[in-house]
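Undergrad: Here you go, sequence then predicted model.
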Amino acid sequence: MLPKSCLIVVPCYNEAERLALEEFRQSLMKWPNLEFLFVNDGSQDTTWSLLSAFAEEQERALALDLPKNSGKAEAVRQGMLEALTLSEAEYIGFFDADLATPLAEIECLALGLERGPNRWIAAGSRVRRLGSTIDRKPMRHYLGRIFATVVSILLGISIYDSQCGAKLFRRQAVETLFEDLFISAWFFDVELFARLIKRGPNLPIDELAYELPLKSWREVGGSKIKATTFIKAPWELFRIYRHYFK
């Protein structure tokens, strides 16, 4: 049993060939207070057929169809807001569809929120350390370290990994952090922390956000994010800083 009821939003765009529905099925069997909300982001393959069939099969699997591809940021945002109306889950989060972060980490993230009554976000963090298995290409690892350093300076907080696609939120945080459109399609995770700083409770950021060093993470082929995406990072981060802090 998870410490609180949880709903996980899973954004999906052309995921038919790599969607591991059996792993989602096993998680639903393991945790009776877990729900999934799959968001089909205008896929052009058979993703929606798979998701709608799975939602028919599993009582605690929901599916939302967005007719037009809007990108991950908007798919996650719409899913998070839809979760507020479809579910009474106390913790609501999102995981990448490729399951680079294993679903077993849901319980660890929930415990992270549970142990901090003021925490609004528990975020997965790909920290290479003894006892963990973080399988990430060296180039992406080092680009990620540079990116995280810049984000830390920009936001004025110490954050190791803003971009991990596994995050869990206390329910009351969702409307505040997801109500407005994101200005960045690929770096919306940075905006989440910026919004937490500007719109969250007047408490130290260390009380509001928690980074969970993942036990396991593996890079999965077919990622929509390319290494070249990071070339756009300086401009995107400037836009975020100007929007939230100027």
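TA: Alright, I've got the coordinates. Residues are numbered from 1 along each chain as shown.
Undergrad: Can you dump the C-alpha atoms of stretch 208-221 in CSV for me?
TA: The C-alpha trace of stretch 208-221 is given here as CSV (Å, rounded to 0.1, in the frame of the first residue of the first chain):
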residue,chain,number,x,y,z
LEU,A,208,8.9,22.8,-0.3
ALA,A,209,10.9,20.6,-2.6
TYR,A,210,12.7,17.3,-2.1
GLU,A,211,15.1,15.5,-4.5
LEU,A,212,15.0,11.8,-4.3
PRO,A,213,18.2,10.0,-5.5
LEU,A,214,16.8,7.3,-7.7
LYS,A,215,17.8,3.7,-7.1
SER,A,216,17.6,2.9,-10.8
TRP,A,217,17.3,4.8,-14.1
ARG,A,218,18.2,3.7,-17.6
GLU,A,219,18.4,5.7,-20.8
VAL,A,220,15.8,4.3,-23.3
GLY,A,221,16.2,4.6,-27.0
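Undergrad: Next, the buried residues of that stretch.
TA: 208-215, 217 (16 or more other CB atoms under 10 Å). Every C-beta, even on glycine, is put in place using the N, C-alpha and C of the backbone.
Undergrad: among those residues, which are in strands?
TA: Members of the buried residues of stretch 208-221 lying in strands (criterion: DSSP state E): 209-213, 217.
Undergrad: Turn those residues into TSV, including pLDDT and distance to residue 240.
TA: Shown next, in TSV, are these (pLDDT from 0 to 100; distance: CB to CB, whole Å):
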residue	pLDDT	distance to residue 240
209	97	17
210	96	22
211	97	19
212	97	23
213	96	25
217	95	25
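Undergrad: between the residues you listed, which is closest to residue 47?
TA: residue 217 (23.2 Å; CB to CB).
Undergrad: Give the bridge partners for the closest one, please.
TA: residue 134 (DSSP bridges).
Undergrad: where exactly do the helices run in this protein?
TA: In the chain, the segments counted as helices under DSSP state H are 21-30, 47-57, 72-86, 105-114, 138-155, 171-178, 188-199, 205-208, 233-245.
Undergrad: which stretch among the ones you listed comes nearest residue 127?
TA: So among the helices of the chain, helix 138-155 is nearest, using CB to CB, at 10.7 Å.
Undergrad: tilt between that closest one and helix 188-199?
TA: Following axes from the mean of the first three to the mean of the last three CA atoms, to 10 degrees, one obtains 20 degrees for the angle between helix 138-155 and helix 188-199.
Undergrad: pLDDT averaged over helix 138-155, what's the number?
TA: The pLDDT scores in helix 138-155 average 91.
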